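Participant: Okay, predicted coordinates and the sequence, questions at the end:
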Amino acid sequence: MNIVLHKAATRGTANFGWLDSKHTFSFGHYYDQDRIQFGALRVLNDDIVEPGYGFGTHPHDNMEIVSIPLVGTLAHKDSTGNEKTIQTGEVQIMSAGTGLTHSEYNHSKTERVNFLQVWVLPKQRNITPRYDQRFFDFKQNAFTTVVAPDNEQTLWINQDAWFSIGKLEAGKELTYSAHQSGNGVYVFVIEGAAEIGGHQLEKRDGVGIAGEEVISFKATSDTMALVMEVPMR
C-alpha cells in the first residue's frame, strides 16, 4: 500500500486580490516535483473568488474538468454554446477533448464563491467536447456518487474514475470500496475531521491511497469529504 499525505497548510498558494487559490498539486507558478499528480488526478484547486470577478475566456484540451461549488454560485460560458450557473449542491463536468474555450465568474456581486476545480487526465484523447451539470442530494452517513463512467444517475467522465461525496456525522464509520482493481483513491476533507485509512485528517487535508481496495472512514466531527478514485497509470 502506498500513501501520500497532504496537509492543508502545505498546499501551494496564489493570491491575486480577486482570487485566493490553494493548489494540492503543481499548478501555475506553484511547482513541486513530488506533487505533480496522483495517478490520473492532475489538479485539485480550492478557489475563493471575490464578487464580480473570475477567470476570463481561456482554452483547454484533452482534460476532464470537474467543478464543485462549496459556497455561492459560478457563472459558466463556453465555446460549445453553454451558458450556465452552477450552484452549491450541483456538480459540473466538462470534457475538453479536441479543444474549447470557457470562462468562469463569481455570479454574485456581493458574496464570495468558493469552489473546487479538479482535473483528470482522459482515457480517450481528442473526443468531441461535452458539458454537463447536475444537482445531487448528498445523503448523511453515506457516499453519494457524482461522477462515474458507467452510471446514468451521475455525470459521465471520459476515464475509469469515480467521484463521491461522503457525509458523516461525528462518530459514524463507513468503508469505501474501489470500483476497479488497480485504482487509487484520493480523499479531500472539505469540512470537519476524520480518520481515513488510519490517518487523521482535518479540514482541507488530503490523502492518496494506492494498493488498497477498501478504505475505512471514521468521523471525529461532522465531516464532508470528496473521494476521487482514479487509475494509477
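Facilitator: Yep, it's here. Residues are numbered from 1 along each chain as shown.
Participant: Mind listing the residues bridging to residue 47?
Facilitator: residue 21, residue 115 (DSSP bridges).
Participant: wait, what's in contact with the most centrally placed residue in the chain?
Facilitator: By Cα atoms, centre = their mean, the chain has its centre lying nearest to residue 118, at 4.1 Å. Residue 118 makes contact with 41, 43-45, 65-68, 163, 226, 228, according to Cβ atoms under 8 Å, 6 or more residues apart in numbering. C-beta: built from backbone N, CA, C; applies to glycine.
Participant: any chance of these in a markdown table, plus distance to residue 87, neighbour count and pLDDT?
Facilitator: A markdown table is the format used below for those (distance: Cβ to Cβ, whole Å; neighbours: other Cβ atoms under 10 Å; pLDDT from 0 to 100):
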| residue | distance to residue 87 | neighbour count | pLDDT |
| --- | --- | --- | --- |
| 41 | 25 | 25 | 98 |
| 43 | 22 | 19 | 98 |
| 44 | 21 | 25 | 98 |
| 45 | 19 | 21 | 98 |
| 65 | 18 | 21 | 98 |
| 66 | 15 | 23 | 98 |
| 67 | 11 | 20 | 98 |
| 68 | 11 | 24 | 98 |
| 163 | 18 | 26 | 98 |
| 226 | 17 | 22 | 98 |
| 228 | 21 | 25 | 98 |
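Participant: quick one: which of those residues is nearest to residue 141?
Facilitator: Distances from residue 141 to the contacts of residue 118, taken as Cβ to Cβ, are shortest for residue 226 (16.3 Å).
Participant: What residues does that closest one make contact with?
Facilitator: Counting by Cβ under 8 Å, 6+ apart, residue 226 has contacts 68, 116, 118, 163-166, 187-188, 190.
Participant: again, only using 7 Å
Facilitator: 116, 163, 165, 188, 190 (Cβ atoms under 7 Å, 6 or more residues apart in numbering).
Participant: Kindly provide the distance from it to residue 90.
Facilitator: Residue 226 is 14 Å from residue 90, where distance means Cβ to Cβ, to the nearest Å.
Participant: swap in residue 152?
Facilitator: 17 Å.
Participant: just residue 52 next, same as before
Facilitator: 21 Å.
Participant: repeat for residue 206
Facilitator: Residue 206 is 22 Å from residue 90, where distance means Cβ to Cβ.
Participant: who has more neighbours, the two?
Facilitator: Taking other Cβ atoms under 10 Å, residue 206 and residue 90 do not tie; residue 206 has more neighbours (25 against 19).
Participant: Identify the residues contacting the host helix or strand of residue 92?
Facilitator: Using DSSP states H and E, residue 92 sits in strand 90-95. Contact with strand 90-95 is made by 64-69, 76, 86, 127, 129-136, 146-147, 155, 157-158, as judged by Cβ under 7 Å, 6+ apart.
Participant: same deal with stretch 140-147?
Facilitator: Against stretch 140-147 from outside (Cβ under 7 Å, 6+ apart): 66, 91, 93, 136, 138, 151, 154-155, 157, 161-169, 172, 174, 176, 227.
Participant: Which of these fall within helices?
Facilitator: Among the contacts of stretch 140-147, no member is found in helices (DSSP state H).
Participant: Now the buried members of those.
Facilitator: Listed as buried from these are 66, 91, 93, 136, 154-155, 157, 161-168, 172, 174, 176, 227; burial here means 16 or more other Cβ atoms under 10 Å.
Participant: So which bits of the one helix or strand residue 131 maps to are buried?
Facilitator: Taking DSSP H and E as the criterion, residue 131 maps to strand 130-135. The neighbour-count check on strand 130-135 (16+ other Cβ under 10 Å) flags 131-133 as buried.
Participant: That one - which strands sit beside it in the sheet, and in what orientation?
Facilitator: strand 90-95 (antiparallel).
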